[in-house]
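Peer 1: Structure here, sequence nowhere to be found:
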């Protein structure tokens, strides 16, 4: 039975990932800054952890009692606003969680996976890693950095039997984006911009995680899998000729 760790797994996309892994027979540890609402079970444990705190991350892995086979870096935050108006403290906090947190968790995982010679880390990036959105602050920069971080881990530790991939969600109706889609006009405009004609769901992202960690995805390493219904390649659709 595989053992997985999902950060930011108390709600939204992280909770969907944890649920999908449980459904496929994994034992799952969920780590989050707030896990009060998560119900534990025989195969699900919960841990309070701020991923930007290196000592807390070390304590988290110690508490697991075993080295995970799969680590999913899902924890992330955003601070909205025009870029030049973002307070330095807010910009720094997003970098601390979204980038430094991924580095801290992945590095800790690598140190523990290396003696075993197997292990897989999947980090969530975003289509904002390819095209920044207005008012998204430090978020696009951190997601672009995470993409390159996973590629570098893959290059350096692939020869030791470890794999590192990432997933770039598009317009996902859930998690941090839920308030955006509560506006019917925004929802309609964004839905119309997706070639598949619908918004994505947290389950769409969870299924991608499961595929990458399956035997069928076993030769994929250093890849950012875009899960967006085709929206990042729909420039001509959304900016049609006269």
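Peer 2: Cool, the structure landed. This one's a predicted model, so the numbers in the text were calculated from it and none came from an experiment. Residues are numbered from 1 along each chain as shown.

Peer 1: right, and the helix or strand after the longest strand along the chain?
Peer 2: Scanning the chain for the strand with the most residues, using DSSP state E, yields strand 162-169. Per DSSP states H and E, the first helix or strand lying C-terminal to strand 162-169 is helix 178-181.

Peer 1: can you give me the strands in the protein?
Peer 2: Counting by DSSP E, the strands of the chain are 3-7, 27-32, 44-48, 70-73, 119-124, 162-169, 224-227.

Peer 1: Using JSON lines, please lay out those strands together with distance to residue 192.
Peer 2: All C-beta atoms are positioned from the backbone trio N, CA, C, and that covers glycine. Formatted as JSON lines, the strands of the chain follow (distance: least, C-beta to C-beta, whole Å):
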{"stretch": "strand 3-7", "distance to residue 192": "32"}
{"stretch": "strand 27-32", "distance to residue 192": "34"}
{"stretch": "strand 44-48", "distance to residue 192": "38"}
{"stretch": "strand 70-73", "distance to residue 192": "31"}
{"stretch": "strand 119-124", "distance to residue 192": "25"}
{"stretch": "strand 162-169", "distance to residue 192": "19"}
{"stretch": "strand 224-227", "distance to residue 192": "19"}
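
Peer 1: Pick the most deeply packed of these.
Peer 2: Ranked by mean neighbour count under mean count of other C-beta atoms under 10 Å, these are led by strand 70-73, which reaches a mean of 28.

Peer 1: Go ahead and name everything in contact with it.
Peer 2: Applying C-beta atoms under 8 Å, 6 or more residues apart in numbering, the contact partners of strand 70-73 are 2-7, 9, 14, 17, 21, 26, 51, 101-102, 105-106, 109, 119-124, 146, 209, 213.

Peer 1: again, only using 6 Å
Peer 2: Here strand 70-73 makes contact (C-beta atoms under 6 Å, 6 or more residues apart in numbering) with 4-7, 17, 102, 105, 109, 120-123, 213.
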